[in-house]
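Asker: Fold the following and give me the result.
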Amino acid sequence: MQKVKDTSLVMGDGYRYRHEETGEVQSHPFYAVTEDMVKKYRRANNFPIGTNWEESFEDNLCTNTPKCPCVNADTVIQKALNRAKHFAKDMKTWALAGFPIASEEVIAARRQTCEGGNGTPRCPQWSNRFRQFGFGHCGSCGCSGVLKTAVQTSTCPLGKWKV
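Answerer: Numbers count the residues shown, from 1 in each chain. Okay, the predicted model is just below:
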């Protein structure tokens, strides 16, 4: 099973979905529009949209859209599990230390290391794709930058800053 790596990409040739029942192909440059078109078509023709439909939809797009950047879904799940384990470990360490918060100076320095600015280059693992509260997240561990940089016991998974 494959998963689309970045659904925000605009595919010039379109995301292509092939209906197994009829062989008809629907295509559109935008992922969300393609998904909406396919769902409408399937409902209009009484084709099932099951509980795991999103997974089979993405696998179908990956199979039928040659230029679509896709990843193995197992890799995505394993990455999410690893990030969850890392987060749980960090939260346990933080709780055992009594939930200390870093000073404003430390938080600012950590954020500058991650996001860049004032002559400091942005970390290549940093992502602003899902900005939360005006700050992105770490592409290495997956943590929210707001939380990660404020927790005193937190460390950078790449070793760029320590406690």
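Asker: where in this protein is pLDDT low?
Answerer: The chain contains residues with pLDDT under 70 at 129-135.
Asker: Against which helices or strands is the helix ranked longest in the chain packed?
Answerer: Looking across the chain with DSSP state H, the single longest helix is helix 73-96. Helices and strands touching helix 73-96, by 3 or more CB pairs under 8 Å, 6 or more residues apart in numbering; DSSP states H and E, are strand 2-4, helix 53-64. Every C-beta, even on glycine, is put in place using the N, C-alpha and C of the backbone.
Asker: what about residue 41, how many neighbours?
Answerer: Neighbour count of residue 41, defined by other CB atoms under 10 Å: 15.
Asker: got a list of what it touches?
Answerer: Contact partners of residue 41, counting by CB atoms under 8 Å, 6 or more residues apart in numbering, are 19, 24, 26, 47.
Asker: Looks to me like it is in a helix.
Answerer: Yes - looking at residue 41 with DSSP: H, G, I helix; E, B strand; the rest coil, it is inside a helix.
Asker: I'd like to know how far it sits from residue 27.
Answerer: Residue 41 is 12 Å from residue 27, where distance means CB to CB, to the nearest Å.
Asker: Equivalent analysis for residue 13, please.
Answerer: Separation of residue 13 from residue 27 (CB to CB): 8 Å.
Asker: out of those two, which sits in the busier spot?
Answerer: residue 27 (18 against 11).
Asker: Quick check: closest non-adjacent residue to the more buried one.
Answerer: residue 14 (3.6 Å; CB to CB, 6 or more residues apart in numbering).
Asker: Alright, calling it a day.
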